[in-house]
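A.B. asks: can you look at this prediction? I've put the sequence above it.
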Amino acid sequence: MKQCPRCLFTEDVAIIGVKQCNYCDLHDQQTASADPREWHKLLNKIRDKDKQYDCLIGISGGEDSSVLLYSAVKVWGLRPLVIHFNNRTNRMIADNNIKILVDNLNVNFIEFFLDNKEYNDLTDSLLLAGVPDCDIANDVCMSKLMVKTALDYNIKYILNGHSFREEGSSPKAWSVIDYTYLNSIYKTFIGKDLVNYPLLTIWDQVWSALRGIKKVSPFHYMNHDRAEVIVALKKLGWQDYGGKHNENIYTAFVGNYILPKKFGIDKRRTYLSAQIRENKITKRDALKILQTPSYFDTRDLGEKEKYLLRLVDRAAIKPRSDYKMTNFKAYRPLFWILVKLGVVPQSMYNKYCK
């Protein structure tokens with residue numbers, strides 16, 4: 001299979017050019033537009049002494065959100081409201097990390113729980129659907145909770161800990177964040193629409209834009225020293241949890257067990273490709289890392305181990321076309337406006353609307 005001359009992506013997930021793929025093109029565009037001076041200007045706008053909170057941050061107990069929260073409070077002097085969606089599969093180390101940060105940084109914290117049966121039925125449906133993005137229920141839910149909380153508390157800025165330099169952008173072939181698609185899968189296997197689960201629709205995003213809410217990724221503006229922040233986190237008692245996005249048992253199960261075993265997908269290709277583009281690792285060394293298979297101990301699933309493994313084994317791989325999806329290209333002009341208003345990231349527009 002043809003591989004990008006620069007990174008680890010292949011022609012099944014990317015458009016390969018003479019020198020590089022379209023994801024490398026996106027990386028270069030983001031690098032060219034990154035300007036720390038613009039972040040400092042934006043930071044002055046975010047700070048609002050007249051409000052109790054000047055920004056909203058979602059936290060998982062993992063590295064990205066922890067680095068963001070620490071930086072927001074200790075480096076940038078912000079007063080965030082912090083929220084967490086608990087899908088009841090956190091590792092204990094993640095829950096402890098959240099508590100340590102909330103307590104030591106003295107921030108107000110809201111923890112959300114959903115109807116357990118409906119959420120479990122949704123995740124089971126995603127496994128039975130035989131699609132690779134069987135872990136998107138958490139992401140879609142958190143996106144809606146972030147917007148709803150910002151509206152409820154009149155917070156204008158939602159901060160995100162994603163960094164294209166560290167994580168890159170996941171190929172659309174691997175994961176689609178789409179409320180229509182999620183509800184369609186649920187309805188296929190459960191026989192009805194989602195009722196209590198919070199779905200972020202296009203019109204939610206339009207309404208948030210009209211209310212002046214902006215989504216900001218601070219680390220897109222600068223090449224930050226993440227290692228230095230992690231040292232400071234560990235001094236507070238924060239602990240590493242053994243791999244990217246492994247702070248949640250279910251997410252680790254999907255990323256390290258289901259995807260490589262069932263679909264031949266190794267998400268490390270995304271993260272390592274980003275680091276190759278940043279000259280933090282050579283392509284040769286990255287390929288050596290991929291030679292060591294991802295590992296997940298299914299015993300971590302506890303009493304649901306046998307049940308979940310049966311669902312995975314019995315589900316045939318199916319195309320997404322079996323399920324209803326939003327036609328994002330039909331909304332291209334609208335999403336372009338949302339990009340310009342700071343509600344939708346450029347990477348999402350490139351992935352879904354082009």
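C.D. replies: Here it is on my side, so go on.
A.B. asks: burial count for the residue nearest to C134 when sequence neighbours are not counted?
C.D. replies: For C134, ignoring the flanking residues on the chain, the nearest one in space by Cβ to Cβ, 6 or more residues apart in numbering is L126 at 4.0 Å. Bear in mind the C-beta positions are built from the backbone N, C-alpha and C, glycine included. L126: 23 surrounding residues under other Cβ atoms under 10 Å.
A.B. asks: over to I93?
C.D. replies: 17.
A.B. asks: and the one 10 residues further on, by the same measure?
C.D. replies: Counted with other Cβ under 10 Å, residues neighbouring D103 total 12.
A.B. asks: cool, and L56?
C.D. replies: 23.
A.B. asks: okay, it and P36: tell me how far apart.
C.D. replies: 23 Å (Cβ to Cβ, to the nearest Å).
A.B. asks: list phi and psi for I158.
C.D. replies: phi -110, psi 120 (degrees, to the nearest 10).
A.B. asks: ok, L56 next?
C.D. replies: According to degrees, to the nearest 10, L56 has phi -120, psi 130.
A.B. asks: residues touching it, list them.
C.D. replies: P80, L81, V82, I83, M146, T149, A150, Y153, I155, Y157, I158, L159 (Cβ atoms under 8 Å, 6 or more residues apart in numbering).
A.B. asks: what residues does the first one make contact with?
C.D. replies: Right, the one you point to is P80. Y53, D54, C55, L56, I57, L69, A72, V73, V107, L159.
A.B. asks: if you set the cut-off to 6 Å instead, what comes out?
C.D. replies: The neighbourhood of P80, defined by Cβ atoms under 6 Å, 6 or more residues apart in numbering, consists of C55, I57, A72, V107.
A.B. asks: so which of those is the closest to I16?
C.D. replies: Nearest to I16, judged by Cβ to Cβ, of the contacts of P80 is I57 at 36.8 Å.
A.B. asks: beta partners of the closest residue to the closest one other than its chain neighbours?
C.D. replies: Leaving aside its chain neighbours, I57 sits nearest to P80 (4.5 Å; criterion: Cβ to Cβ, 6+ apart). Bridge pairing for P80 (DSSP bridges) gives the partners C55.
A.B. asks: which helix or which strand is home to the residue most central in space within the chain?
C.D. replies: By Cα atoms, centre = their mean, the mean C-alpha position of the chain lies nearest to D139, the distance being 6.2 Å. Secondary structure assignment for D139, by DSSP states H and E: helix 136-152.
A.B. asks: that helix - what's its average pLDDT?
C.D. replies: Averaged across helix 136-152, the pLDDT comes to 95.
A.B. asks: same question for stretch 313-323.
C.D. replies: pLDDT averaged over stretch 313-323 gives 92.
A.B. asks: residues making contact with that stretch?
C.D. replies: With Cβ under 6 Å, 6+ apart as the criterion, stretch 313-323 contacts L127, L128, G130, Y181, S184, I185.
A.B. asks: among those, who's most crowded?
C.D. replies: Neighbour counts for the contacts of stretch 313-323 (other Cβ under 10 Å) peak at I185, which has 27 neighbours.
A.B. asks: export only the CA atoms of the helix or strand where that residue lies, formatted as CSV.
C.D. replies: Assigned by DSSP H and E, I185 belongs to helix 179-190. Output of helix 179-190 as CSV, limited to C-alpha atoms (Å, rounded to 0.1, in the frame of the first residue of the first chain):
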residue,chain,number,x,y,z
TYR,A,179,-24.8,12.8,16.1
THR,A,180,-27.0,11.5,13.3
TYR,A,181,-24.7,8.5,12.8
LEU,A,182,-24.6,7.8,16.5
ASN,A,183,-28.4,7.9,16.9
SER,A,184,-28.9,5.8,13.7
ILE,A,185,-26.7,3.0,15.2
TYR,A,186,-28.6,3.1,18.5
LYS,A,187,-31.9,3.0,16.7
THR,A,188,-30.8,0.1,14.6
PHE,A,189,-30.1,-2.2,17.5
ILE,A,190,-32.3,-0.8,20.3
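A.B. asks: please compute how far it lies from its chain's middle.
C.D. replies: Relative to its parent chain, helix 179-190 has a centroid offset of 20 Å by Cα atoms, centre = their mean, to the nearest Å.
A.B. asks: give me every residue that touches E167.
C.D. replies: Y271, A274.
A.B. asks: ramachandran angles for it?
C.D. replies: The phi/psi pair for E167 (degrees, to the nearest 10) is phi -110, psi -30.
A.B. asks: likewise G161?
C.D. replies: phi -90, psi 0.
A.B. asks: what helix or strand is the residue located most distally from the centre of the chain on?
C.D. replies: Ranking residues of the chain by C-alpha distance from their mean position (Cα atoms, centre = their mean) puts D50 at the top, at 30.9 Å. Following DSSP H and E, there is no helix or strand that holds D50.
A.B. asks: in the stretch 51-200 of the chain, which spans are helices?
C.D. replies: Assigned by DSSP state H, counting those that start in this stretch, the helices in the stretch 51-200 of the chain fall at 63-70, 92-105, 116-129, 136-152, 179-190.
A.B. asks: format those helices as JSON lines; extra columns: distance to Y271.
C.D. replies: As requested, the helices of the stretch 51-200 of the chain are exported to JSON lines (distance: least, Cβ to Cβ, whole Å):
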{"stretch": "helix 63-70", "distance to Y271": "11"}
{"stretch": "helix 92-105", "distance to Y271": "19"}
{"stretch": "helix 116-129", "distance to Y271": "23"}
{"stretch": "helix 136-152", "distance to Y271": "16"}
{"stretch": "helix 179-190", "distance to Y271": "24"}
